[in-house]
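Undergrad: Fold the stuff below for me.
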Amino acid sequence: MREVQPQIHFTDKALENLKQYYPDQKQREEFLESAKKIPKQFYSFKYNETKSQTSYILRVDNTQEPSQMSMGIRPDIGSNPIFSYKENLYYYETDMFTGNKMVIYDSLQKVNFVETRKTKNILGFGVKEAITKYKNYDLIAWYAPLIP
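TA: Next up is the predicted model:
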């Protein structure tokens with residue numbers, strides 16, 4: 001099990017667009033400050049050269065602090081998907097509200113990332129930055145080429 005501290009970063013364009021939703025400077029600053037307080041998440045990672053599976057682990061918050069609204073973006077591909085790179089598929093199990101388990105699968109979409117030569121350290125791992133454009137989105141990925 002790995003503890004992950006999500007982070008959110010806003011582009012200059014996103015910061016400009018926030019003015020529509022929060023015309024007051026103080027409100028924007030409060031929103032940006034609250035966006036930094038994303039709670040830690042817990043995952044189980046299983047992978048090899050041909051398959052990978054990431055499972056989200058829900059943990060109970062026993063702190064006595066008042067709860068805060070959190071923002072999160074999870075892929076719309078079901079829970080605990082398995083990615084088969086050899087078959088170029090991802091699949092996951094669901095019950096579709098019927099009680100009967102079914103396996104749903106679809107093809108993996110290839111996205112070509114380009115390294116930017118930027119590097120940094122995240123949670124003790126040396127990582128590199130890669131970028132791409134997918135549909136209408138600019139994607140930035142920080143990845144660890146070597147995981148011990």
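Undergrad: For the closest residue to residue 38 other than its chain neighbours, give me the pLDDT.
TA: Excluding the flanking residues, the one nearest residue 38 by Cβ to Cβ, 6 or more residues apart in numbering is residue 6, at 4.5 Å. C-beta: built from backbone N, CA, C; applies to glycine. We have a pLDDT of 73 for residue 6.
Undergrad: which element is residue 6 on?
TA: According to DSSP states H and E, residue 6 maps onto no helix or strand at all.
Undergrad: correct me, but it touches residue 41?
TA: Yes - using Cβ atoms under 8 Å, residue 6 is in contact with residue 41, at 6.0 Å.
Undergrad: can you pull the contacts of residue 85?
TA: 49, 50, 51, 52, 108 (Cβ atoms under 8 Å, 6 or more residues apart in numbering).
Undergrad: wait, I meant residue 142
TA: With Cβ under 8 Å, 6+ apart, residue 142 has these contacts: 120, 122, 127, 128, 129, 130.
Undergrad: Which of the three states applies to it?
TA: Assigned with DSSP: H, G, I helix; E, B strand; the rest coil, residue 142 falls in the strand class.
Undergrad: Residue 30 versus that one, what's the distance?
TA: 27 Å (Cβ to Cβ, to the nearest Å).
Undergrad: Relative to residue 12, how far out is the residue with the largest distance to the centre of the chain?
TA: Farthest-out residue of the chain from its mean C-alpha position, per Cα atoms, centre = their mean: residue 24, at 29.5 Å. From residue 24 over to residue 12 the distance is 20 Å, taken as Cβ to Cβ.
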